[in-house]
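[1] need a 3D model of the following:
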Amino acid sequence: MTEAELVGVYRNLNVIYVADFNAAAAGEKPDTNGLDPHRAARKSDDRPARELDLSGFTDVGAHMTDPTPTVGHTRDDPLKVRCDRQHTTLPHEAITGYGVVVAADDLSDHRPVWAEYTLE
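    Okay, the predicted model is just below:
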């Protein structure tokens with residue numbers, strides 16, 4: 001939450017902010033049934049993502065309407081959330097592509113996220 005608040009100081013610059021946020025995307029409501037309540041509550045917390053939204057950052061995955069979770073595809077970590085994200089202050093027209101790589105799920109507990117931007 002603190003990091004999300006601090007990043008807001010860059011809202012008037014052209015920024016692409018990429019991170020494993022260890023928290024849910026804004027509005028994401030993952031299924032937490034049968035999971036450790038403390039861990040599930042922490043990972044399901046979408047306040048940092050909402051803070052970024054309020055600061056003027058666009059969640060690229062949400063903008064491109066792609067809700068693919070970036071974690072939760074392994075037996076060891078079944079909590080499906082989109083914690084690996086890109087947020088940007090660039091105009092929406094600059095976002096020209098986005099995706100989550102699911103072809104290598106056996107290589108990592110996180111899925112890579114990519115985005116394409118067209119800058120003029």
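
[2] and Leu52, how many residues sit next to it?
    By other Cβ atoms under 10 Å, 25 other residues sit near Leu52. Glycine gets a C-beta too; all of them are placed from N, C-alpha and C.

[3] what do you get for Glu120?
    As a burial measure, Glu120 scores 5 neighbours (other Cβ under 10 Å).

[4] and the pLDDT at it?
    Confidence at Glu120, expressed as pLDDT, is 82.

[5] check Asp36 too.
    Listed pLDDT for Asp36 reads 89.

[6] ok, it to Cys83 distance?
    16 Å (Cβ to Cβ, to the nearest Å).

[7] can you check Ala94 too?
    24 Å.

[8] which SSE is the nearest residue to Leu35 once chain neighbours are set aside in?
    Spatial nearest neighbour of Leu35, excluding adjacent residues (Cβ to Cβ, 6 or more residues apart in numbering): Leu79 at 5.9 Å. If you go by DSSP states H and E, Leu79 is not part of any helix or strand.

[9] report how many residues lie close to the closest residue to Arg39 other than its chain neighbours.
    Residue nearest to Arg39 in three dimensions, not counting chain neighbours: Leu79, with 7.6 Å by Cβ to Cβ, 6+ apart. Look at Leu79: counted by other Cβ under 10 Å, it has 18 neighbours.

[10] contacting residues for Leu79?
    Pro30, Thr32, Leu35, Arg39, Ala40, Lys43, Ser44, Val71, Gly72 (Cβ atoms under 8 Å, 6 or more residues apart in numbering).

[11] got it, and Asp109?
    Neighbours of Asp109 in contact, by Cβ under 8 Å, 6+ apart: Val71, His73, Thr74, Asp76, Asp77.
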